[in-house]
Every structure is written in structure tokens, then in C-alpha cells.
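Participant: pasting a predicted model and its sequence here:
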Amino acid sequence: METTSSSEMIKKEIFIACRPETLFSFFTDPDKLVRWMGRNVLLDPSIGGKFRIDLNGTDIAIGEYKEITPNEKVVMTWGWERSKAVPPGSSTVEFKLTPKDNGTLLEFIHYDLPATEIADHVKGWSHFLLRIQMVAEGDEAGEVPSSEHA
């Protein structure tokens, strides 16, 4: 997995051995999203639709869907309940799905993060992108440990 970051952005790429249609559902179907991120997930996968992802009983991500292109791209605002550094909706995450070699290249970008939050979010997203790779390829990732968050 490649990682690049600047003071405002994290960018990652990971190859996942499944079709884009399969991978896409892991961003829009709460029963699938909860398998790789969170213990409790509420989402309305429509433009302007809100989501709430309780990762571990402590860390709760909140935002809304900004762009949804079926099987190609999902863009959401992102932030943390009770966070002053990254409050709900204060940053943006983008997932781009490109067919490649009988699988999907998942490109991930997290924009508008404060520089002080980059390292924690790199660690968190590295963890969760490996989890989505596992579940989209047919494995189970297990429960999110309580100390992990993106």
C-alpha cells in the first residue's frame, strides 16, 4: 500500500481482488460497512444523506455523502463527534474505484485535515483499508479494537 501525505491531505492506493460493484457496496450498505469499520453504523447513502459510524464505542465518525457514482466513486464529509480538531463535516474523504487486473484499485484521499491530525489518520486509514481489503476479498476482519480510529 502506498501512502503520501501533506499538511492537508492523505492519499493511499490499495489493490483489492474483487469487482468494483462488490467493493462499492462496502461504502453504501450498512451491513457491509460495519464488517470493516465500526460496531454500529447508520447511513443514508444518498447525496446529502448523513452517516454515523460508531467505531468502537468511543470514537464516532459523522458526516454526509457529497458524491456517489455507482461502482466508481464515493465522496463524504468526515469528522468526529466531540472533536475540536476534526469536528463532524470538517474534512472530506474520497474513495475512487478503478477496475484493474481482475480486481479494483481503490484510491483513497482524505482532504482538509489539520497537520496535527495527519499521523493519527494515516495510522487509522492504513488499518481500515487493510480491513476493507480483507472483507471485500471474502475474509472476516473481526471486531475493531477500542483503541483504533481513523
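Facilitator: Sure thing, it's come through. This one's a predicted model, so the numbers in the text were calculated from it and none came from an experiment. Numbers count the residues shown, from 1 in each chain.

Participant: now the helices for this structure?
Facilitator: All helices of the chain, identified by DSSP state H, fall at 20-28, 30-36, 118-136.

Participant: show me what counts as buried in the shortest one.
Facilitator: Using 16 or more other Cβ atoms under 10 Å as the test for burial, helix 30-36 gives Pro30, Lys32, Leu33, Val34, Arg35, Trp36. Glycine gets a C-beta too; all of them are placed from N, C-alpha and C.

Participant: what is the nearest of those to Lys73?
Facilitator: Nearest to Lys73 out of these is Leu33 (Cβ to Cβ; 16.1 Å).

Participant: ok, and the closest non-adjacent residue to the closest one?
Facilitator: Among residues not flanking Leu33 along the chain, Val41 sits closest, at 5.1 Å (Cβ to Cβ, 6 or more residues apart in numbering).

Participant: ditto for Phe51
Facilitator: Among residues not flanking Phe51 along the chain, Leu43 sits closest, at 3.9 Å (Cβ to Cβ, 6+ apart).

Participant: and that neighbour, what is it in contact with?
Facilitator: Thr28, Pro30, Leu33, Gly49, Lys50, Phe51, Arg52, Ile53, Tyr65 (Cβ atoms under 8 Å, 6 or more residues apart in numbering).

Participant: now list the buried members of the residues you listed.
Facilitator: Thr28, Pro30, Leu33, Lys50, Phe51, Arg52, Ile53, Tyr65.

Participant: nothing else from me, thank you.
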